[in-house]
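> Predicted structure and sequence below. I'll ask about it afterward.
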Amino acid sequence: MTAERRRIEALLNDSATPIRWVFTGDSITQGLAHTNGYRSYVEHYAERIRGEMSLFNHIVINTGVSGNRSSDVRGGFAHRIEVFEPSVVLIMLGTNDALDGADGLERFREDLSDIIFRSRALGAVPILQTPPPIDVPNAPTRAALIDYVEVTRQVAASTRAILIDHYEQWYADSPEGPPASLLADAFHPNENGHYVLADAILRELGIADMDSSVATQVMS
C-alpha cells in the first residue's frame with residue numbers, strides 16, 4: 001500500500017478532523033441535466049460518506065464545470081481547488097480535451113501533472129479518474145478520447161497517483177461499447193452511469209461499496 005493510500009485510509013477513519021474532498025472536472029463531474037434529476041456520482045459519494053458513514057466533518061465539494069478542459073482546471077486552480085484547503089482532490093478530465101485530437105495530448109499531460117503537483121503541495125492526496133467511454137459513432141469529434149485516457153494512466157503511473165479507471169471498468173463489463181442504459185447521450189452518463197461511477201470510487205478507495213446488485217443491474 002502506498003503512502004497516499006494509507007493517508008486515504010486514515011482520513012476515512014477520522015470522524016473528528018474537518019476533511020474536505022474536492023471533486024473537479026467537466027460536465028460529468030458537475031452533474032447537470034444528464035442525471036435527470038437524480039444524484040450525480042459526487043452526490044452519491046457525499047451521501048455514502050456524510051450520510052451512511054456519518055462522517056459529518058467530511059465536506060464534499062464539487063467544482064466541475066461544463067465544457068471544461070484540463071487547461072481550465074489548471075488555470076483556475078486557485079479558486080477551483082486551493083481555496084478549499086483540500087485533503088483529497090479527485091480529478092476527472094479528458095472528454096472535452098479529446099476534441100483537440102493528437103495535438104492536445106502533451107498539453108493535457110502537462111496540465112494533469114501540474115494539478116497533481118500543486119495539489120500535493122497543499123498537502124492533499126490527488127486522485128486521477130479516467131472518464132467513462134463514449135459512443136464514438138455518435139460522437140466522432142471525441143474519437144481521440146482513448147488516447148487521453150491512456151495519458152491519464154501514464155500520468156498516474158509516473159506520479160504514483162491513485163487511479164480510478166472508469167474507462168477500463170466499463171469496457172471490461174461491456175466490451176462492445178458503453179451500454180445505452182448508462183448514457184444520456186453519446187458521452188454523458190445518465191443517472192445509472194453516475195451510480196456506477198460512484199460505486200467504482202468507493203470500491204477503489206476501500207469504502208463499503210454501493211448496493212452491488214443495483215450496480216450489476218444498471219451495467220446490464
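Now that the structure is in, tell me what you want to look at.

> other SSEs contacting the longest helix along the chain?
When every helix of the chain is counted residue by residue (DSSP state H), the longest turns out to be helix 105-121. Helix 105-121 sits against helix 70-75, strand 88-92, strand 125-130, helix 145-159, with contacts defined as 3 or more Cβ pairs under 8 Å, 6 or more residues apart in numbering; DSSP states H and E. For glycine as for every other residue, the C-beta is placed from the backbone atoms N, C-alpha and C.

> Extract the CA atoms of the second one and return them as CSV.
Looking back up the chat, that one is strand 88-92. Taking C-alpha atoms only, strand 88-92 is exported to CSV below (Å, rounded to 0.1, in the frame of the first residue of the first chain):
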residue,chain,number,x,y,z
VAL,A,88,-8.2,15.0,-1.2
VAL,A,89,-8.6,16.1,-4.8
LEU,A,90,-10.4,13.9,-7.3
ILE,A,91,-9.8,14.9,-11.0
MET,A,92,-11.7,13.6,-14.0
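
> Identify the neighbouring strands of that strand in the sheet and state each direction.
strand 19-25 (parallel), strand 125-130 (parallel) (DSSP bridges).

> now the last one against helix 105-121, angle please.
Read it as strand 125-130. Interaxial angle, strand 125-130 versus helix 105-121 (axes from the mean of the first three to the mean of the last three Cα atoms, to 10 degrees): 150 degrees.

> Can you give the distance of strand 125-130 from its chain's centre?
7 Å (Cα atoms, centre = their mean, to the nearest Å).

> State the mean pLDDT of it.
Averaged over strand 125-130, pLDDT sits at 98.

> contact partners of that strand?
Here strand 125-130 makes contact (Cβ atoms under 8 Å, 6 or more residues apart in numbering) with 4, 7-8, 11, 25, 87-92, 94, 112, 115-116, 119-120, 149, 152-153, 155-156, 159, 161-168, 201.

> Any quick ChimeraX command for the buried ones out of those?
This is the ChimeraX syntax for the buried subset of the contacts of strand 125-130, where burial follows 16 or more other Cβ atoms under 10 Å:
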select :4,7,8,11,25,87,88,89,90,91,92,94,112,115,116,119,149,152,153,155,156,159,161,162,163,164,165,166,167,168,201
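
> low pLDDT regions in this protein?
Counting by pLDDT under 70, the chain contains low-confidence residues at 208-220.

> Other residues contacting whichever strand or helix holds residue 10?
Assigned by DSSP states H and E, residue 10 belongs to helix 3-12. For helix 3-12, the external contacting residues (Cβ under 8 Å, 6+ apart) are 1, 19, 53, 55, 58, 87-88, 125, 160-162, 205-207.
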